[in-house]
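Undergrad: I would like to see how this sequence folds:
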Amino acid sequence: MWKNLIFFRDYLNNNEYSRHRYLNIKEEFLRSNSEGIREYTDYKEAFVKEIIDKRT
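TA: Residues are numbered from 1 along each chain as shown. Model prediction:
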């Protein structure tokens, strides 16, 4: 699990386009929701999985 988190961090640090996409997803959630952390995590899950899948 932690290797995926490190990969995700490093990928975003090295990929400006994906970094901006991730920021936009986070900002979109904040504009449209006032829910908790679980909803936030679920909202960005598809993007995170897309990046982590690049590891394999």
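
Undergrad: Can you show me the helices along this protein?
TA: Applying DSSP state H to the chain gives helices spanning 2-14, 16-32, 37-52.

Undergrad: could I get these as JSON lines with mean neighbour count and mean pLDDT?
TA: No exception for glycine: its C-beta is placed from N, CA and C like everyone else's. Shown next, in JSON lines, are the helices of the chain (neighbours: other CB atoms under 10 Å; pLDDT from 0 to 100):
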{"stretch": "helix 2-14", "mean neighbour count": "12", "mean pLDDT": "96"}
{"stretch": "helix 16-32", "mean neighbour count": "12", "mean pLDDT": "94"}
{"stretch": "helix 37-52", "mean neighbour count": "12", "mean pLDDT": "93"}
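
Undergrad: Give me the contact list for stretch 34-50.
TA: 8, 21, 22, 25, 26, 29, 33 (CB atoms under 8 Å, 6 or more residues apart in numbering).

Undergrad: Give the closest residue to the fifth one in space, chain neighbours not counted.
TA: Think residue 26. Leaving aside its chain neighbours, residue 26 sits nearest to residue 44 (6.7 Å; criterion: CB to CB, 6 or more residues apart in numbering).

Undergrad: gap between the one you found and residue 23?
TA: Between residue 44 and residue 23 the computed distance is 11 Å (CB to CB, to the nearest Å).

Undergrad: again, but for residue 36
TA: Taking CB to CB as the criterion, residue 36 is separated from residue 23 by 20 Å.

Undergrad: now residue 11
TA: For residue 11, the distance to residue 23 - CB to CB - is 14 Å.

Undergrad: Report the contact partners of the closest residue to residue 54 other than its chain neighbours.
TA: Nearest non-adjacent residue to residue 54, counting by CB to CB, 6+ apart: residue 11, 6.8 Å away. The contact partners of residue 11, taken as CB under 8 Å, 6+ apart, are 18, 51, 54.
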